[in-house]
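In: Sequence first, then the predicted structure:
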Amino acid sequence: SNQLMAGKRGLIMGLANDKSIAWGIAKALADAGADLAFSYQGDALKKRVDPLAAQLGSEIVLPCDVGDEASIDGLFNALEEKWGKLDFIVHAIGFSDKNELRGRYVDTSRANFQLTMDISVYSFTAVAARAEKMMDAGGSMLTLTYYGAEQVMPHYNVMGVAKAALEASVKYLAEDLGKDGIRVNAISAGPIKTLAASGIGDFRYIMKWNEYNSPLRRNVTIDDVGNSALYLLSDLSAGVTGENLHVDAGYHVVGMKAVDAPDI
Ligand code: NAD
């Protein structure tokens with residue numbers, strides 16, 4: 001345990017269960033002394049999120065569907081009342097129709113394109129606009145992205161297009177909010193078996209491919225992502241904004257893996 005986050009208060013959005021990337025991040029932050037609030041989507045998740053929040057000593061667990069402006073306002077009004085100020089936010093939210101996370105990108109429907117962009121991209125900007133008002137003393141905002149934004153990955157399709165837009169929005173937000181001492185960054189996580197990931201076609205194969213082809217020859221864990229998030233959300237990264245930190249066992253730097261066999 002360290003005290004990197006002592007005295008800091010932050011909101012974690014996107015916790016669904018103990019496999020969630022948000023859980024890895026929340027654990028690392030709580031271990032570093034942060035005070036956490038959680039938001040969850042819909043009543044079905046409340047019974048999962050309540051005990052996890054309690055485990056980290058958090059008493060603030062609030063509903064928020066990021067597709068609904070009034071719901072976002074409700075969340076931030078409640079936080080304003082309880083805390084008044086905010087030091088950081090974590091946005092670990094994405095959504096697309098899983099029927100379109102397989103097959104060809106070209107077959108994406110207009111309705112699912114719009115929904116995917118709304119929930120996976122615009123929501124971060126919508127949340128940033130509210131959080132900014134509670135960050136008079138500066139702050140740090142973090143979202144989660146994937147390499148499918150940069151290069152074509154099988155089945156990622158419209159989500160790859162959405163993540164590309166999310167990564168661009170991180171840069172625009174960094175510029176807008178930087179003069180107020182608010183930093184905005186992304187983590188590009190390698191594939192991790194979560195609820196959201198289980199909707200992606202051939203996900204087990206994608207994980208195997210990453211394990212074999214990344215420089216570290218392994219997949220990353222939610223704790224790997226959590227510890228890197230701690231860096232981006234703490235003052236250790238005070239000079240860093242608009243960044244996309246790859247926590248992917250190095251996969252993104254490899255053009256072609258060397259053949260390991262010594263006799264070739
Ligand atoms: P997860 O299923 O645990 O989390 C996704 C969360 O999004 C859930 O808590 C869900 O409730 C929330 N969500 C979806 N629609 C919402 C809405 N309308 N309002 C509020 N919340 C909503 O899966 P995860 O893999 O931990 O996903 C977290 C983030 O990490 C996502 O942005 C995902 O794209 C990203 N990511 C995941 C991987 C991976 O391999 N798992 C890799 C890179 C990036």
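Out: Nice, thanks for sending it over.
In: near the ligand, which residues of the stretch 1-150 of the chain?
Out: 14-16, 20-22, 41, 45, 64-67, 92-95, 119, 144-146 (CB under 6 Å from any ligand atom). (C-beta placed from N, C-alpha, C; glycine too.)
In: Only the buried subset of the residues you listed, as a PyMOL command please.
Out: Here is the PyMOL command that picks out the buried ones among these, judged by 16 or more other CB atoms under 10 Å:
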select buried, resi 14+15+16+20+21+22+41+45+64+65+66+67+92+93+94+95+119+144+145+146
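In: How about stretch 248-263 and the ligand, any contact?
Out: No. Using CB under 6 Å from any ligand atom, stretch 248-263 never reaches the ligand; the gap is at least 8.3 Å.
In: Flag every buried residue along that stretch.
Out: D248, A249, Y251.
In: again, but for stretch 34-54
Out: Applying 16+ other CB under 10 Å to stretch 34-54 flags A34, D35, L36, A37, F38, S39, Y40, Q41, L45, V49, L52, A53 as buried.
In: Let me see the mean pLDDT of that stretch.
Out: For stretch 34-54, mean pLDDT rounds to 97.
In: Quick one: end-to-end distance for that stretch.
Out: End-to-end distance for stretch 34-54, by CA to CA, to the nearest Å: 14 Å.
In: same question, stretch 103-110
Out: 16 Å.
In: Can you name the residues in contact with that stretch?
Out: The contact list for stretch 103-110 (CB atoms under 8 Å, 6 or more residues apart in numbering) reads D97, E100, H155, N157, V158, G160, V161, G201.
In: The last one and the ligand: what is the separation?
Out: Plainly put, G201 is 13 Å away from the ligand if you go by CB to the nearest ligand atom, to the nearest Å.
In: Help me confirm that that residue comes into contact with S96.
Out: No. Taking CB atoms under 8 Å as the definition, G201 is not a contact partner of S96, at 11.8 Å.
In: what about those two, which has more around it?
Out: S96 (24 against 16; other CB atoms under 10 Å).
In: Make a PyMOL selection of the buried ones in the contacts of stretch 103-110.
Out: What follows is the PyMOL syntax selecting those of the contacts of stretch 103-110 that are buried according to 16+ other CB under 10 Å:
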select buried, resi 100+155+157+158+160+161+201
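In: got TSV for the contacts of stretch 103-110, with pLDDT too?
Out: What follows is these, written out as TSV (pLDDT from 0 to 100):
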residue	pLDDT
D97	97
E100	97
H155	95
N157	98
V158	98
G160	98
V161	98
G201	89
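In: which one of the contacts of stretch 103-110 is nearest L177?
Out: Closest approach between the contacts of stretch 103-110 and L177, by CB to CB: V161, at 24.5 Å.
In: got the contact list for the helix or strand encompassing F76?
Out: In this structure, F76 is located in helix 69-82 according to DSSP states H and E. Outside helix 69-82, the residues within contact range by CB under 8 Å, 6+ apart are 11, 37, 39, 60, 62-66, 86, 123, 126-127, 130-131, 133-134.
In: Please identify the buried residues of that helix?
Out: In helix 69-82, counting by 16+ other CB under 10 Å, buried: I72, G74, L75, F76, A78, L79.
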